[in-house]
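In: structural data only, the sequence is not supplied:
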């Protein structure tokens, strides 16, 4: 039989939840101090950690104790700490590391946009635009250092080439255009697996800054051709496959239709369009997807979408959904479309 919680217990949970939002800042401090990396070789006493990081021992102990309460780090013995499964993912050299993501999320410029999120709730417009008096993309072009961090972050949050290749058969594709493909890591990974394929990496000039190096050092890169342009205006015509990964979620429905219609205009009767996006479940969306959806709302004015929402957009753009490929228990999926 379920035991009902009393008002005091519920109130305690509400207070703890309200305070817990500030623990995100403490997590970024622990990452900057490289505590997860220090603990990768095994637990350390708080005295050792304070000495290695140059932190105040008493304050550091209280911060780590707080982070233990939300699943980051484990308290092992008297005033000693080790990594938990979560904090291990914050080590720089661990595969799939989320270190850069945590640091990015706590950047001062981004926090300013989040603190103005009530503007979005009241108006529906991005709080980023309200704070900085311009849209994110224009602002990003004016801040090269942050632009580099952003494109690195995109790589860590997108489907890696090996996973994409396991989900989709590219064997009938002779020419592929990666629309908004960034530095070309994904396209070069596909070209490496399919030696007869040619590829075009299409993106804005500033987004292609790092692509030349990737193309030069990656197997298959000699068949990857860089082309700068704006996907709101026109993209290269005549390809077998047009690929967009994590593009549409950055934009509202009106802008998505413009992008999709540009793709449609470039496609032939034999062309396919392949979208790689988070596909929201119709009910009970996981926390990761919900949080990314809020990120899209406040910063870009975009959104994460369900399969039906994607289908409706694609139909309005004059495209037909042939199939949705989404592994069980994964929020990431592929949507294949034709004319």
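Out: Yep, that arrived. These numbers come from a predicted model, not from an experiment. Numbering: from 1, shown residues only.
In: please report how far residue 257 lies from residue 247.
Out: Distance from residue 257 to residue 247, counting by C-beta to C-beta, to the nearest Å: 13 Å. Placement of C-beta: from N, CA and C, glycine included.
In: so between these two, which is more surrounded?
Out: More crowded of residue 257 and residue 247, by other C-beta atoms under 10 Å: residue 247, with 21 against 17.
In: so the more buried one versus residue 178, what's the distance?
Out: In terms of C-beta to C-beta, residue 247 sits 10 Å off from residue 178.
In: where are the low-confidence patches of the stretch 101-250 of the chain?
Out: In the predicted model of the stretch 101-250 of the chain, residues 156-157 satisfy pLDDT under 70.
In: which stretches of it form helices?
Out: Assigned by DSSP state H, counting those that start in this stretch, the helices in the stretch 101-250 of the chain fall at 108-115, 117-123, 127-132, 136-141, 144-157, 161-167, 185-193, 211-217.
In: can you pull the buried residues of the last one?
Out: So that's helix 211-217. 211, 214, 215 (16 or more other C-beta atoms under 10 Å).
In: what's that helix packed up against?
Out: Counting contacts by 3 or more C-beta pairs under 8 Å, 6 or more residues apart in numbering; DSSP states H and E, helix 211-217 packs against helix 185-193, strand 198-203, strand 224-228.
In: so the second one versus strand 224-228, what angle?
Out: For the pair strand 198-203 and strand 224-228, the angle between their directions (axes from the mean of the first three to the mean of the last three C-alpha atoms, to 10 degrees) equals 30 degrees.
In: list the contacts of strand 198-203.
Out: 174-182, 184, 187-188, 190-191, 208, 211, 215, 223-229, 231, 235-236, 239 (C-beta atoms under 8 Å, 6 or more residues apart in numbering).
In: is residue 96 in a helix, a strand, or coil?
Out: When classified by DSSP: H, G, I helix; E, B strand; the rest coil, residue 96 comes out as coil.
In: excluding its backbone neighbours, what's nearest it?
Out: In space, and not counting its chain neighbours, residue 96 is closest to residue 89: 6.5 Å by C-beta to C-beta, 6 or more residues apart in numbering.
In: need phi/psi at residue 270.
Out: With angles defined as degrees, to the nearest 10, residue 270 sits at phi -100, psi 0.
In: and it, what does it touch?
Out: So residue 270 contacts residue 240 (C-beta under 8 Å, 6+ apart).
In: export the helices of the stretch 101-250 of the chain as TSV, with columns for distance to residue 291.
Out: Listed next are the helices of the stretch 101-250 of the chain as TSV, based on distance: least, C-beta to C-beta, whole Å:
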stretch	distance to residue 291
helix 108-115	12
helix 117-123	13
helix 127-132	15
helix 136-141	17
helix 144-157	12
helix 161-167	21
helix 185-193	23
helix 211-217	29
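In: pick the most buried one from the ones you listed.
Out: Most buried of the helices of the stretch 101-250 of the chain, by mean neighbour count (mean count of other C-beta atoms under 10 Å): helix 185-193, with a mean of 22.
In: chain center to it: distance?
Out: Centroid separation between helix 185-193 and its chain, computed with C-alpha atoms, centre = their mean, to the nearest Å, is 19 Å.
In: numbering from 43 from now on, please.
Out: Got it, the first residue is 43 from now on, which makes the last one we talked about helix 227-235.
In: list the contacts of that helix.
Out: Helix 227-235 is contacted by residues 197, 200-204, 206-207, 212, 218, 220, 223, 239-241, 243, 256-257, 260-263, 265-266, 285, 287 when judged by C-beta under 8 Å, 6+ apart.
In: let's go with 6 Å and repeat that
Out: 197, 203, 207, 212, 220, 223, 239, 241, 243, 256, 260-263, 265-266 (C-beta atoms under 6 Å, 6 or more residues apart in numbering).
In: show me the one of the helices and strands packed on helix 253-259 that comes nearest residue 345.
Out: strand 240-245 (21.9 Å; C-beta to C-beta).
In: given that closest one, what are its sheet partners and their directions?
Out: Strand pairing for strand 240-245, using DSSP bridges, gives strand 217-221 (parallel), strand 266-270 (parallel).
In: and the first one, how far out from the chain's middle?
Out: Strand 217-221 sits 21 Å away from the centroid of its parent chain (C-alpha atoms, centre = their mean).
In: also stretch 222-232?
Out: For stretch 222-232, the distance to the chain centre is 15 Å (C-alpha atoms, centre = their mean).
In: ditto for stretch 303-316
Out: Mean-position distance between stretch 303-316 and its chain equals 26 Å (C-alpha atoms, centre = their mean).
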